[in-house]
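Q: only geometry, no sequence info:
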C-alpha cells in the first residue's frame, strides 16, 4: 500500500525488490542496531576487552554479512584512529591489561622486559609501564611451597608455619594501616618475645629511627601527611622457601619485591610515583623443647631491604618517594645502576657487588 492507501503498481514493486536486494548506490545508510551495540560495547569495555583473536565471527547470511563485516571494520578503524593507545592495551602494550604471571617458583634467570618502561603511570593505571602490571595483587604474587615434614615439624605444622609467615608479610608490608605509618601489632606479635636483641630493635626503631635501627628493614611505611597509596593494590612478586635449620628448626626464607604506587596528599595532586621495595627476611620456627619461644612465634635470623625511590641515606622511619620536580633538582646517585625489577640475583649478591658505593641509580621505576 502507498501513502494514503494507494496500491503500488506491479512494475514499481518488482523494481523496488530488485534494488533492495542489490542495494541502492549512493543512498545514506544508518548503522544497524547490532553495529551500534558493538561500537558502544567497545567503548564501554576498555577495562576488560576480549582479545581480537578470540572473536567468533557470525555465520554469513547471504550478501548482508558483507555489509555487517564492512561496518565492523570501519568501526574498528575509527577506534584505532581516535584512541590507538587503547588498542595497544588490548595486546598487552597498555601497561596494565596483560595477563598476570604465574607465581614465582624459582629464581628467574633474567630481568623482565623493558619495552614498556617509557609509559608513564596514571591515577587510573598506576602500574602502567612497569613489569608489576603483570604481577600478583598482594599475597597472590608470593609463591607458597608445598608443605612437607621438616625438622621437628610435621607436614601440618610446616603448613601452619608457612601460612603464618605469609601473615607476617601481609601485616608488615601490605596492611593499609602500616602503609599509612602505623605500627603493626599483628606482625610484631608473631616475633619471638624472648629474642631480646630484636625486641630492643623494635622498641627503638619506631621511636628513634637510625641506620642501625630502621623500621623499614621489616616494615613498609609512608608518612600519611605527605603521600598516599593510589588505589588499594600493592603488586608483589616473590617466593617463600624453607629448609631444616639449626637444632632441627624449620628455617623459612622470604624474598619478595613490593611495588607501591603513591601520589602526594596535597589537593589536586595526580602525579603517580612508584616506590619499589625488595625485602628478604629469614626466620626460624624453633623447637620449643630446645629454644625458649612462645607458641606460634618465630625467631628472626636476618633481614635485608633494598628500596628504589624510597629515600637513600634518610632514616626517618618512612619511605620518602620523590616526584618528577624533586628528581630533576637532585643529583644522581654515586653508585652503580640497578634495575629494581631484576630478581635474577640474590639480595646478598646485589649488595656485595654494590659494596660501599653509596646510593645507586635505578634504571626504571
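A: That came through fine. Keep in mind that this is a model prediction, so the values were computed, not measured. Numbering: from 1, shown residues only.
Q: and stretch 121-131, which residues are buried?
A: Neighbour-count burial for stretch 121-131, with 16 or more other C-beta atoms under 10 Å as criterion, is recorded at 121-122, 125-131. C-beta coordinates here come from the backbone N, C-alpha and C atoms, glycine included.
Q: Farthest-apart pair in the residues you listed, please.
A: 122 and 131 (16.9 Å; C-beta to C-beta).
Q: Out of the buried residues of stretch 121-131, which is nearest to residue 327?
A: Closest to residue 327, out of all of the buried residues of stretch 121-131 and judged by C-beta to C-beta, is residue 121, at 14.2 Å.
Q: got the buried residues of stretch 121-131 as JSON lines, with distance to residue 254 columns?
A: Shown next, in JSON lines, are the buried residues of stretch 121-131 (distance: C-beta to C-beta, whole Å):
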{"residue": "121", "distance to residue 254": "27"}
{"residue": "122", "distance to residue 254": "31"}
{"residue": "125", "distance to residue 254": "28"}
{"residue": "126", "distance to residue 254": "24"}
{"residue": "127", "distance to residue 254": "22"}
{"residue": "128", "distance to residue 254": "28"}
{"residue": "129", "distance to residue 254": "27"}
{"residue": "130", "distance to residue 254": "22"}
{"residue": "131", "distance to residue 254": "20"}
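Q: give me phi/psi at the spatially closest residue to residue 264 that is not a sequence neighbour?
A: Leaving aside its sequence neighbours, residue 264 sits nearest to residue 227 (C-beta to C-beta, 6 or more residues apart in numbering; 5.9 Å). Torsion angles at residue 227 (phi, psi; degrees, to the nearest 10) stand at phi -140, psi 160.
Q: I figured residue 227 hits residue 261, correct?
A: No. Using C-beta atoms under 8 Å, residue 227 is not in contact with residue 261; the gap is 10.1 Å.
Q: thinking again about what came up before, which ones are touching the residue nearest to residue 264?
A: By C-beta atoms under 8 Å, 6 or more residues apart in numbering, the contact list for residue 227 reads 262-265, 321.
Q: Check residue 244 too.
A: Counting by C-beta under 8 Å, 6+ apart, residue 244 touches 150-151, 250-251.
Q: any idea how far it is from residue 155?
A: 14 Å (C-beta to C-beta, to the nearest Å).
Q: how about the strands in the protein?
A: 136-137, 142-143, 227-229, 235-244, 250-264, 273-285, 299-308, 337-338, 361-362 (DSSP state E).
Q: now the helices for the stretch 101-250 of the chain?
A: 155-173, 176-179, 185-189, 196-205 (DSSP state H, counting those that start in this stretch).
Q: what about residue 351, neighbour count?
A: Neighbour count of residue 351, defined by other C-beta atoms under 10 Å: 13.
Q: That one and residue 306 touch, don't they?
A: Yes. Assessed by C-beta under 8 Å, residue 351 is found in contact with residue 306 at 7.3 Å.
Q: Could you pull out the buried residues of stretch 288-304?
A: By 16+ other C-beta under 10 Å, the buried positions in stretch 288-304 come out as 291, 293, 297-300, 304.
Q: Closest one of the residues you listed to residue 145?
A: Distance to residue 145 across the buried residues of stretch 288-304 (C-beta to C-beta) is lowest for residue 298, with 16.4 Å.
Q: what's across from the residue nearest to that closest one when sequence neighbours are not counted in the sheet?
A: Nearest in space to residue 298, with sequence neighbours left out and distances taken as C-beta to C-beta, 6+ apart, is residue 283 at 4.2 Å. Beta bridges link residue 283 to residue 252, residue 300, judged by DSSP bridges.
Q: I'd like to know which helix or strand in the chain has the lowest mean pLDDT.
A: Within the chain, no helix or strand scores below helix 33-44, which has a mean of 32 by mean pLDDT, DSSP states H and E.
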